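# The following block contains a protein sequence and its predicted model.
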Amino acid sequence: MNREGFGFGKVILFGEHAVVHGQAAVAGALRRGVRASAGQGPALLRVEPWGLVARPDGTGPADRAFAAILAVTGCGAATVTATAELPPSAGLGGAAALAAAVARALCRDEVRVGEAVDAAERVFHGTPSGIDAAMALRGGFGRFTREDGLRPLVAAP
């Protein structure tokens, strides 16, 4: 198998709390994110430097999110090693970046990858706005609403 995937981190410039309530936000992807590599082996996820280990039969949020990704991507068992360039729980979209990297390492169908990221985000955030998933998957810079999704904006570097 030995596949790799990447998910972008993000910053929300305007509308961080408003986007949860259906209003617009402006966000940009970071060059840093999460890289993952999937290979044959038991269903296991290791994330460095977070020191996170997840198994789909576990009960913690990371375990349940990994199980959701495996289920949506249709991958019964794989050992995934991920390297995060983002600090955890810092508001930089680390969970979505991790989900995107893992799903892409497991599956090449971008529709299923997006569905897997959404499923993982629901585990972590209940009813997420979708902005973290959109930025993790697409990168770039744009305006996001739940209704319209991510609309790219042109800006100087």
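Yep, that arrived. Residues are numbered from 1 along each chain as shown.

# how would you label the residue nearest the centre of the chain: helix, strand or coil?
In the chain, the centroid-proximal residue (CA atoms, centre = their mean) is residue 96; its distance is 2.3 Å. Secondary structure, DSSP: H, G, I helix; E, B strand; the rest coil: residue 96 is helix.

# how much space between it and residue 118?
9 Å (CB to CB, to the nearest Å). (Each C-beta comes from the backbone N, C-alpha and C, glycine too.)

# Give me the common contacts of the two.
Listed as contacting both residue 96 and residue 118 by CB atoms under 8 Å, 6 or more residues apart in numbering are residue 133.

# which strands and helices sit next to the biggest helix by length in the chain?
Criterion DSSP state H: the longest helix present in the chain is helix 110-125. Applying 3 or more CB pairs under 8 Å, 6 or more residues apart in numbering; DSSP states H and E, one finds that helix 110-125 contacts helix 61-73, helix 94-106, helix 131-138.

# so how far is the last one off the chain centroid?
Right, helix 131-138. From the chain centre to the centre of helix 131-138 is a distance of 7 Å (CA atoms, centre = their mean, to the nearest Å).

# CA atoms of it as PDB?
The C-alpha trace of helix 131-138 is given here as PDB (Å, rounded to 0.1, in the frame of the first residue of the first chain):
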ATOM      1  CA  ILE A 131     -14.300  25.600   7.200                       C
ATOM      2  CA  ASP A 132     -11.600  23.500   8.800                       C
ATOM      3  CA  ALA A 133     -12.300  20.600   6.500                       C
ATOM      4  CA  ALA A 134     -12.500  22.800   3.400                       C
ATOM      5  CA  MET A 135      -9.200  24.500   4.200                       C
ATOM      6  CA  ALA A 136      -7.500  21.200   5.100                       C
ATOM      7  CA  LEU A 137      -8.500  19.700   1.800                       C
ATOM      8  CA  ARG A 138      -8.200  22.600  -0.600                       C
END
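
# Make sure residue 50 is actually in contact with residue 89.
No - the pair residue 50 / residue 89 is not scored as a contact, 9.6 Å apart, by CB atoms under 8 Å.

# From residue 41, how far out is the nearest residue to residue 103 once chain neighbours are set aside?
Once flanking residues are discounted, residue 103 sits nearest to residue 116: 3.9 Å by CB to CB, 6 or more residues apart in numbering. Residue 116 is 19 Å from residue 41, where distance means CB to CB.
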